[in-house]
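S.K.: What follows is a predicted protein model with its sequence.
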Amino acid sequence: MKNIVSVEKIEKYYGNKGNITKAIDNISFKVDEGEFLGIMGPSGSGKTTLLNCISTIDNVTTGKIIINNKDITALKAKAIEEFRRDELGFIFQDFNLLDTLTAYENIALALTIQNREIPEIDEMIKNVARKLDITELLSKFPFQLSGGQQQRVACARALVTEPSLILADEPTGALDSKSSRLLLESLEKLNKEFHSTILMVTHDSFTASYAHRILFIKDGRIFNELIRGNDTRKEFFNKIIEVVTLLGGDVGNVL
């Protein structure tokens with residue numbers, strides 16, 4: 001199976017000589033094509049910093065991150081912009097849809113930046129809309145959509161460019177329980193039916209239970225790893241809760 005992400009002994013420091021904080025401490029792991037990986041950890045554990053480094057928003061202090069055979073830690077600014085545009089898809093907690101554009105236009109924006117032709121853009125949008133069952137939403141503006149519908153449009157925007165890796169940052173954080181479940185089922189569908197490779201950061205055990213594998217981060221290091229295997233999602237959820245308890249997290253916040 002093709003390797004999509006290879007994180008190799010990365011460290012990340014903040015501050016100066018008098019006050020240095022090590023946010024990431026010698027982390028290494030790989031993500032294979034078509035895998036759905038979750039990353040969990042308490043507040044301040046380094047999971048967001050890790051996501052920022054993988055997403056090219058931040059730089060590592062030492063180590064390498066290789067995505068789709070490209071060492072992103074060695075890329076210059078312009079090359080990073082092109083890489084982010086062509087290889088990564090983003091799903092944010094607060095949707096990040098533009099209020100003055102329809103759902104169709106929000107999805108089209110990513111393709112327009114890639115200088116795609118209009119007929120190709122139209123075909124790609126209609127195709128991804130069918131996959132996510134949002135065809136009837138394309139002509140609507142964000143204010144006309146529920147939170148769950150907006151997040152599915154955001155999923156379509158992330159998927160439409162056919163990125164090597166989809167990065168989801170607390171994707172259910174702003175949703176109610178019903179909308180969260182619909183979104184997670186959409187992510188599961190993208191992963192199972194279209195072999196999308198997904199890396200998701202979350203503090204929520206229910207959300208994490210949709211992943212194939214989970215890395216638990218504590219104090220900037222990998223604390224534990226869980227692989228779902230043949231477990232049902234409920235069985236996997238219960239195992240996640242056990243590890244979260246060991247991590248010292250607030251279980252009441254993740255149920």
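M.R.: Structure's in. What do you need?
S.K.: Residue ranges in the stretch 101-250 of the chain under the pLDDT threshold?
M.R.: The model of the stretch 101-250 of the chain has pLDDT under 70 over residues 249-250.
S.K.: Nearest residue to Ile121 in space, please, no chain neighbours.
M.R.: Distances taken as CB to CB, 6 or more residues apart in numbering place Leu111 nearest to Ile121, at 4.6 Å, with adjacent residues excluded. Yep, even glycine has a C-beta here, placed from its N, CA and C like the rest.
S.K.: Correct me if wrong, but the one you found is in a helix.
M.R.: Yes. Under DSSP: H, G, I helix; E, B strand; the rest coil, Leu111 falls within a helix.
S.K.: number of nearby residues for the closest residue to Ala211 other than its chain neighbours?
M.R.: Distances taken as CB to CB, 6+ apart place Gly38 nearest to Ala211, at 3.5 Å, with adjacent residues excluded. For Gly38, the count of nearby residues is 26 (other CB atoms under 10 Å).
S.K.: same deal with the one 10 residues further on?
M.R.: As a burial measure, the neighbour count of Thr48 was computed by other CB under 10 Å and equals 19.
S.K.: One more: Glu11?
M.R.: 15.
S.K.: Quick one: list the elements packing against the host helix or strand of it.
M.R.: Assigned by DSSP states H and E, Glu11 falls within strand 3-16. If contacts are counted by 3 or more CB pairs under 8 Å, 6 or more residues apart in numbering; DSSP states H and E, strand 3-16 sits against strand 19-32, helix 47-54, strand 62-67.
S.K.: Give me the mean pLDDT for it.
M.R.: Averaging pLDDT along strand 3-16 yields 93.
S.K.: angle of it against helix 47-54?
M.R.: 110 degrees (axes from the mean of the first three to the mean of the last three CA atoms, to 10 degrees).
S.K.: which of the residues in strand 3-16 are buried?
M.R.: 4-8, 10, 12 (16 or more other CB atoms under 10 Å).
S.K.: what about the strands in the stretch 51-200 of the chain?
M.R.: Counting by DSSP state E, counting those that start in this stretch, the stretch 51-200 of the chain has strands at residues 62-67, 70-71, 88-91, 165-169, 198-201.
S.K.: What distance do you get for Leu51 to Arg228?
M.R.: 21 Å (CB to CB, to the nearest Å).
S.K.: cool, and Glu11?
M.R.: 29 Å.
S.K.: Same check on Ile20?
M.R.: For Ile20, the distance to Arg228 - CB to CB - is 37 Å.
S.K.: So which of those two has more stuff around it?
M.R.: Each of Ile20 and Arg228 has its neighbours counted (other CB under 10 Å); Arg228 has more, 21 against 9.
S.K.: Pull the contacting residues for that one.
M.R.: 211-213, 236 (CB atoms under 8 Å, 6 or more residues apart in numbering).
S.K.: can you give me the helices in this protein?
M.R.: Along the chain, the segments classed as helices by DSSP state H run 47-54, 77-87, 103-113, 118-132, 147-159, 177-194, 205-208, 233-247.
S.K.: Distance to Asn16 added to these, as TSV?
M.R.: Listed next are the helices of the chain as TSV, based on distance: least, CB to CB, whole Å:
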stretch	distance to Asn16
helix 47-54	17
helix 77-87	24
helix 103-113	37
helix 118-132	46
helix 147-159	36
helix 177-194	40
helix 205-208	35
helix 233-247	30
